[in-house]
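# Fold the following.
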Amino acid sequence: MPATTLMNSGLSDEALLERYRAHAGEAGSEVWINELFSRHQRKVALWCLRMTSDRETALDLSQEVLARAFEKLDTFRGDSKFSTWLYTIARFHCLNHLRSTASKPKSEGEDPLEQIEDVNFRAAFEAIEARIDRREIWKVIQGALNETELKVMMLHYGHGIPLGRITSLLELDNASGAKAFIVSAKRRLEPALSRWKARTERQQRNRSVSHGDDQDV
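Model prediction:
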């Protein structure tokens, strides 16, 4: 869109959108929509930053949110404030981004358990961390947790989002909100990781025995 804007127009968001729609296709009609999006650009970036805790990612996501909102302008019916409608798009776009990053370790060199770091929680698993297979342990975590538990753990421990905000973002209506999913996730992970540890140790012993037999031959 062209950069022309109406600074301090004094019109409400809804009035700007109404004028844009009334003059759509006419020369200069973009001035109304540019003003509307310009006044919300910083706020959208801050929303994304609160959800991702990463400035570069937040800036990229905020641009994607505004582009998506522009594409979907015809779906805004005025049932809510424009800012509420825009925030809903931002929230779901950021959650989709976080969900996609939660589906795999951030990089080959990072331990997935580092993304859900908690001193008391990690103490139970110190014995297995030294020999952890990152890909396998991530499969265990994904297999042990349901979708909501995984989202809550990654948003809280991986992205530093407070539990109260996660409760709101995910629209959790249970009594304890996101905290309850942290508790249930830890309860599920302990036996799952214990079973993984035992299975891994058996496999290592079997390989050692097989290797010893080969040497005897």
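
# A24 in helix, strand or coil?
What DSSP: H, G, I helix; E, B strand; the rest coil gives for A24 is coil.

# Just give me the neighbour total for it.
12 (other C-beta atoms under 10 Å). Where C-beta positions appear, they are placed from N, C-alpha and C, glycine not excepted.

# Next, find the distance separating it from E35.
Distance, A24 to E35, using C-beta to C-beta, to the nearest Å: 15 Å.

# Would you map the helices across the chain?
13-22, 30-52, 55-71, 82-102, 119-123, 126-129, 134-144, 147-153, 163-169, 178-216 (DSSP state H).

# mind putting those in JSON lines, mean pLDDT and mean neighbour count included?
Shown next, in JSON lines, are the helices of the chain (pLDDT from 0 to 100; neighbours: other C-beta atoms under 10 Å):
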{"stretch": "helix 13-22", "mean pLDDT": "88", "mean neighbour count": "16"}
{"stretch": "helix 30-52", "mean pLDDT": "88", "mean neighbour count": "19"}
{"stretch": "helix 55-71", "mean pLDDT": "91", "mean neighbour count": "16"}
{"stretch": "helix 82-102", "mean pLDDT": "83", "mean neighbour count": "17"}
{"stretch": "helix 119-123", "mean pLDDT": "43", "mean neighbour count": "10"}
{"stretch": "helix 126-129", "mean pLDDT": "42", "mean neighbour count": "12"}
{"stretch": "helix 134-144", "mean pLDDT": "78", "mean neighbour count": "16"}
{"stretch": "helix 147-153", "mean pLDDT": "87", "mean neighbour count": "20"}
{"stretch": "helix 163-169", "mean pLDDT": "85", "mean neighbour count": "17"}
{"stretch": "helix 178-216", "mean pLDDT": "80", "mean neighbour count": "14"}
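
# Spit out the contact partners of the residue nearest in space to the middle of the chain.
For the chain, the residue nearest the mean C-alpha position is L98 (1.9 Å; C-alpha atoms, centre = their mean). Taking C-beta atoms under 8 Å, 6 or more residues apart in numbering, we find L98 in contact with M51, T52, K151, M154, L155, H159.

# Pick the one among those residues closest to E190.
Nearest to E190 out of the contacts of L98 is M154 (C-beta to C-beta; 18.1 Å).
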